[in-house]
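K.L.:
Here's my sequence, what's the structure:
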Amino acid sequence: MTLLGPLTRAAALAGLLLSAAAGFAPAVAAPADVALLKSYIGEWRGRGVLYGASEESVVCRLTLSEGNQDKVNYNGRCALAGTNLSVAGTLAYVEANRRFEAAMTSNATFTGIAVGQKRGSGLIFNLREREQDEEGKDLNISAQIQLSGDAIQVTFDVVYIESGDNLRAEVPFSR
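P.N.:
Numbers count the residues shown, from 1 in each chain. Predicted coordinates for the structure are as follows:
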């Protein structure tokens, strides 16, 4: 079993707060799409569990605020076993791609863009990436962020290609 170091756990936490920062081209979204994104503006708190070689509690805060050009900005922080992770980004409907996108940067050098789809009255963002950890080991990373009603649910998985070891986090957020 691979021992998961602080940077690997930080990368996992980065996925938890996945929701965007890279610059987008100006987006022109339908009013309903913009209203859906903006309905999540506010302060969010999450508490969940990171499963791996052991179980660890994860405590997170997430702030969504109005951005430029019909975007929603976010800033978040998670704490796990003495490790802090910060993420920042933007949620938007990108007309050129005809889809919702969430892009993210973090202090754990993890970046990514998740594609979002409407599901009922909410949104689901999915991310799939291949990265390397601090020791150069290949990882498959997948994350799902579900915005539904007055809740946000984040699920994040890291699988080490060589060993098959898995790191999974589940954090429900509420206002």
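
K.L.:
hey, let's count contacts and neighbours off CA atoms from now on
P.N.:
Noted.

K.L.:
which stretches of this structure form helices?
P.N.:
All helices of the chain, identified by DSSP state H, fall at 6-16, 31-38.

K.L.:
which stretch in those helices is the model least sure about?
P.N.:
Lowest mean pLDDT of the helices of the chain: helix 6-16, a mean of 49.

K.L.:
For this protein, give me the ranges with low pLDDT.
P.N.:
Across the chain, the ranges flagged by pLDDT under 70 are 1-29, 108-110.

K.L.:
please redo it, this time with the cut-off set to 80
P.N.:
Along the chain, segments meeting pLDDT under 80 span 1-30, 80-82, 85, 104-112, 131-134, 143, 156.

K.L.:
Just the strands from it, written as ranges.
P.N.:
Taking DSSP state E as the criterion, the chain carries its strands at 42-51, 55-66, 72-80, 83-94, 99-106, 111-119, 122-132, 138-148, 151-160, 166-174.

K.L.:
Include distance to L36 and mean neighbour count when you put these into CSV, please.
P.N.:
As requested, the strands of the chain are exported to CSV (distance: least, C-alpha to C-alpha, whole Å; neighbours: other C-alpha atoms under 10 Å):
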stretch, distance to L36, mean neighbour count
strand 42-51, 13, 17
strand 55-66, 12, 18
strand 72-80, 10, 22
strand 83-94, 10, 23
strand 99-106, 11, 23
strand 111-119, 10, 19
strand 122-132, 8, 17
strand 138-148, 10, 20
strand 151-160, 13, 20
strand 166-174, 17, 20
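
K.L.:
quick one, which of these is nearest to A30?
P.N.:
strand 83-94 (8.5 Å; C-alpha to C-alpha).

K.L.:
Show me what the closest one is packed against.
P.N.:
Contacts defined by 3 or more C-alpha pairs under 8 Å, 6 or more residues apart in numbering; DSSP states H and E place strand 83-94 against helix 6-16, helix 31-38, strand 72-80, strand 99-106.

K.L.:
one more time with 7 Å, if that's ok
P.N.:
Where contact means 3 or more C-alpha pairs under 7 Å, 6 or more residues apart in numbering; DSSP states H and E, strand 83-94 is packed against helix 6-16, strand 72-80, strand 99-106.

K.L.:
who does it pair up with?
P.N.:
Strand 83-94 pairs in its sheet with strand 72-80 (antiparallel), strand 99-106 (antiparallel), by DSSP bridges.

K.L.:
Can I get that strand in CSV, CA atoms only?
P.N.:
Only the C-alpha atoms of strand 83-94 are listed here, as CSV (Å, rounded to 0.1, in the frame of the first residue of the first chain):
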residue,chain,number,x,y,z
THR,A,83,-2.5,20.2,6.2
ASN,A,84,-4.4,23.2,4.7
LEU,A,85,-5.4,23.5,1.1
SER,A,86,-6.6,26.6,-0.7
VAL,A,87,-8.4,26.7,-4.0
ALA,A,88,-9.8,29.5,-6.2
GLY,A,89,-11.7,29.6,-9.4
THR,A,90,-14.6,30.5,-11.5
LEU,A,91,-17.9,28.8,-12.6
ALA,A,92,-19.3,29.8,-15.9
TYR,A,93,-21.5,28.9,-18.8
VAL,A,94,-19.1,29.0,-21.8
